[in-house]
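Undergrad: sequence first, then the predicted structure:
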Amino acid sequence: MKISLLLAVCLAGFISMAKSAPRAQTPAPTLAELNAKQKQLESTIDAMTTQIMQAQLFLEERIRSDGSSGIKAVRLYHEGTSAFYEDNHIGNGALSMHDHANYDRTVGLGEFVAVMNGVEFRTRHNDYKLRMPLKHGKYHETEYIPFPDVPPSVLRQGTVPKQVEEMQEYFRAFRDQNVTHRDYRDYFKANLCVAEGSWTLSTNTLNEPFQSDRHHIDATSWQDLQDKVRFTSYTGTKSRLENFSWLPTKFYGQENGVPKVAQWNYRIICNPIGRNLPTSYFQQQDDLAHRLSRGRTLEEIKKSRAARFKLNEFSMQRSTVYTLLDQLMAQFPGLNNFGANLTDIFPDTNTAVKDVGQLPDNKVLNTGYYHRWFKTDRDGAMGLSVSHRGYNDKNLWVAFNTQPNVMPLSAKSCSDKWHCLNVSQRVSYAIPLEIIYMTPLLSWNPHHVAYTGTTPSPQAAAVTANGRNGGIDKHTAYNGTHKSIFYRTPADFYATGKVEADKADTAKGSVGVLDKQGNVHSMASSGVRVLTPSIGGNVGQVRTRYPIFPVHAEGSSSGVELSALKEMVMHMRKYADIYETPPLNMEPQHTDEVKLAMRPANKDPPGRHFHVITLTPEQHRQLVTGSQLTLTTSFAAGHSHKLVAFYDPHRQGYFYRTCDGQPNCWDGHQHNLERY
């Protein structure tokens with residue numbers, strides 16, 4: 001009920017009381033007194049709304065300081081005599097990931113609790129589709145990500161067994177990242193999938209956040225959903241099919257005495273990376289609690305669904321600023337979709353912020369795409385011009401938009417007391433979840449089995465009509481395939497159909513499928529998997545899903561300390577000289593890293609500076625024995641360089657051949673590199 005209506009009811013009550021009161025009682029209030037009472041009520045409601053907004057801000061600020069944007073937890077299914085037996089951000093698999101490989105584009109992913117910029121929320125069971133933002137589409141419009149092509153050398157084989165053998169060789173090449181064996185790069189396509197959240201203004205109509213073949217929000221309205229979540233939280237029960245989400249609401253302002261309300265919503269969406277992404281860039285994270293509770297080595301976890309990774313293109317531990325992950329996220333549009341071209345006017349300067357990833361041109365940052373680093377025209381109080389979104393949130397990726405469905409916030413921005421602007425912005429946030437390699441199995445159909453598409457039709461219904469369940473005879477075999485009966489890979493492609501089991505998995509090991517001539521073939525599922533079954537030809541298992549989600553607690557002060565402690569405990573010899581008392585009289589294991597420095601550059605902008613390159617012992621050995629190496633420098637003056645470096649034995653020195661793909665660095669660094 002609107003505040004104005006409440007005031008009208010109150011006034012009507014006062015007037016009615018005045019008319020019905022006996023003459024001996026207190027005189028009826030005058031119009032002036034009623035007006036004063038109305039103003040008092042308005043002031044009280046205004047103060048209460050403001051206080052609620054301040055309380056909401058306090059809660060968000062508290063969550064922001066407790067850790068970074070990232071995953072907090074999955075649903076608890078395991079416990080034991082010590083805390084490390086319990087599920088944290090890993091259940092049976094990282095983020096409870098599993099397989100629905102009998103679906104054409106469904107990615108198995110369970111429920112989770114996440115934080116984005118201080119907003120804590122809980123998802124439904126996700127099981128999302130491989131969809132990307134629609135090019136130049138409207139708000140939340142998406143389209144299917146195209147399947148990779150089948151290698152022509154596979155299709156040229158005269159028989160299905162020969163096709164199977166050739167396809168196995170492509171998977172071997174992908175597993176080994178060996179382009180000389182087979183150039184797999186055009187047929188194994190990497191896609192970045194993110195969780196995206198925003199405050200929306202659709203508070204009346206419940207909007208399904210994203211498409212899933214298996215799950216939906218089980219509620220008729222936002223209020224119905226909140227009532228169900230409140231009940232299940234109060235009683236400790238759950239939605240059997242895990243179709244409830246906890247998505248908070250908030251006051252973000254008021255207008256004419258009426259609070260303005262926003263509704264949090266999220267979605268999971270993917271985007272093709274558009275370049276080859278070497279699997280060597282994935283650095284495994286040691287989730288020690290899960291490993292200890294299962295009694296597994298780090299290598300055993302790496303071959304399971306529980307493995308979690310971080311993108312690290314540097315092949316070593318090092319401090320970073322703008323990284324490969326920033327480049328990949330910068331290809332991801334916000335809610336304005338592809339073609340967005342927006343700017344952010346920075347407070348105190350009233351100028352547009354610049355793109356840290358393209359500093360040579362001092363290019364204005366297109367804030368319509370996801371980013372976490374930006375540059376200002378003038379240095380801040382700490383003498384730095386390069387800044388990070390948020391106060392202390394390493395995983396805060398932000399994209400601006402102009403969608404009327406999204407909550408706006410405004411503020412006055414002044415460069416001095418004479419020059420002020422009223423700035424209003426609408427934003428969304430995103431965190432990376434995983435990188436999925438789509439493989440040619442999605443397109444490969446050597447037995448020419450009919451596929452009836454993704455929409456219901458009589459042809460799709462015929463696939464399972466009359467009790468057809470994938471048996472091995474003509475009467476029970478599937479009559480073709482459709483989006484959830486997606487079996488087109490010859491079963492002989494795999495040495496075994498067995499994979500790491502999860503009760504949430506839906507694919508069968510192998511089934512019978514009729515081709516267009518009515519012949520039965522033994523087929524395996526062709527959809528997305530975390531790890532394939534063991535592939536024949538001694539290829540073995542191949543991983544196609546790499547979870548890279550950040551963890552909320554790792555961004556806290558205790559999380560940072562725990563990370564350092566875990567690194568030292570697990571590599572005692574490497575860090576023996578850091579211990580106050582070396583453990584077990586252990587001698588330090590010196591890494592003998594080699595540092596090279598570029599000669600200072602004086603071009604302004606960006607100003608006098610130099611960069612350092614850190615080499616592992618193996619990299620240095622390769623360099624001095626004649627190899628060229630592609631190396632990334634340290635970050636200085638708001639940028640870094642990518643060098644192709646070599647060692648010249650005649651001049652007995654280190655040099656770069658190219659800098660950022662050019663013969664010379666744009667800011668004037670000389671070619672020789674010196675020991676640092």
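TA: Looks like it came in fine. Numbers count the residues shown, from 1 in each chain.

Undergrad: end-to-end on stretch 78-86?
TA: Stretch 78-86 has an end-to-end distance of 5 Å (criterion: C-alpha to C-alpha, to the nearest Å).

Undergrad: and the contacts of that stretch?
TA: Stretch 78-86 has contacts (C-beta atoms under 8 Å, 6 or more residues apart in numbering) with Leu76, Asp87, Gly91, Leu288, Ala289, His290, Leu292, Ser293. Every residue, glycine included, has its C-beta placed from N, CA and C.

Undergrad: the closest residue to Lys375 other than its chain neighbours and Asp224: what is the separation?
TA: Once flanking residues are discounted, Lys375 sits nearest to Lys354: 4.0 Å by C-beta to C-beta, 6 or more residues apart in numbering. According to C-beta to C-beta, to the nearest Å, Lys354 and Asp224 sit 46 Å apart.

Undergrad: still on that earlier bit, and the residue nearest to Lys375, how many neighbours?
TA: Counted with other C-beta atoms under 10 Å, the neighbours of Lys354 add up to 21.

Undergrad: same question, Thr581
TA: When neighbours are defined as other C-beta under 10 Å, Thr581 has 7 of them.

Undergrad: any idea how far it lies from Arg230?
TA: Thr581 is 53 Å from Arg230, by C-beta to C-beta.

Undergrad: related to what we said a few turns ago, put the buried members of the contacts of stretch 78-86 into a PyMOL selection.
TA: Of the contacts of stretch 78-86, the buried ones go into a single PyMOL selection, burial set by 16 or more other C-beta atoms under 10 Å:
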select buried, resi 87+91+289+290+293
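
Undergrad: sorry, back to before: what's the pLDDT at the residue nearest to Lys375?
TA: With respect to pLDDT, Lys354 scores 88.

Undergrad: wait, isn't it in contact with His371?
TA: No. At 11.0 Å, Lys354 does not count as touching His371 under the criterion of C-beta atoms under 8 Å.

Undergrad: quick one on the thing from earlier: hey, what's the residue nearest to Lys375 bridged with?
TA: Val364, Lys375 (DSSP bridges).

Undergrad: so how far is stretch 329-338 from its chain's centroid?
TA: Distance of stretch 329-338 from the chain centroid (C-alpha atoms, centre = their mean, to the nearest Å) equals 13 Å.

Undergrad: identify the residues contacting the residue nearest to Lys375.
TA: The neighbourhood of Lys354, defined by C-beta under 8 Å, 6+ apart, consists of Asn362, Lys363, Val364, Leu365, Phe374, Lys375, Thr376, Asp377.

Undergrad: would you turn those residues into a markdown table with distance to Tyr187, pLDDT and neighbour count?
TA: Below are the contacts of Lys354 laid out as a markdown table (distance: C-beta to C-beta, whole Å; pLDDT from 0 to 100; neighbours: other C-beta atoms under 10 Å):
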| residue | distance to Tyr187 | pLDDT | neighbour count |
| --- | --- | --- | --- |
| Asn362 | 39 | 76 | 13 |
| Lys363 | 34 | 87 | 13 |
| Val364 | 37 | 91 | 16 |
| Leu365 | 34 | 92 | 22 |
| Phe374 | 37 | 90 | 21 |
| Lys375 | 38 | 86 | 22 |
| Thr376 | 43 | 85 | 19 |
| Asp377 | 45 | 79 | 15 |
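
Undergrad: can you tell me which helix in this structure is longest?
TA: Longest helix in the chain by number of residues (criterion: DSSP state H): helix 31-66.

Undergrad: give me the mean pLDDT for it.
TA: pLDDT averaged over helix 31-66 gives 88.

Undergrad: counting contacts, what elements does that helix pack onto?
TA: On a contact count with 3 or more C-beta pairs under 8 Å, 6 or more residues apart in numbering; DSSP states H and E, helix 31-66 meets helix 3-20, strand 119-122, strand 249-255.

Undergrad: ok, of those, where does mean pLDDT dip lowest?
TA: For the helices and strands packed on helix 31-66, mean pLDDT drops lowest on helix 3-20, to a mean of 46.
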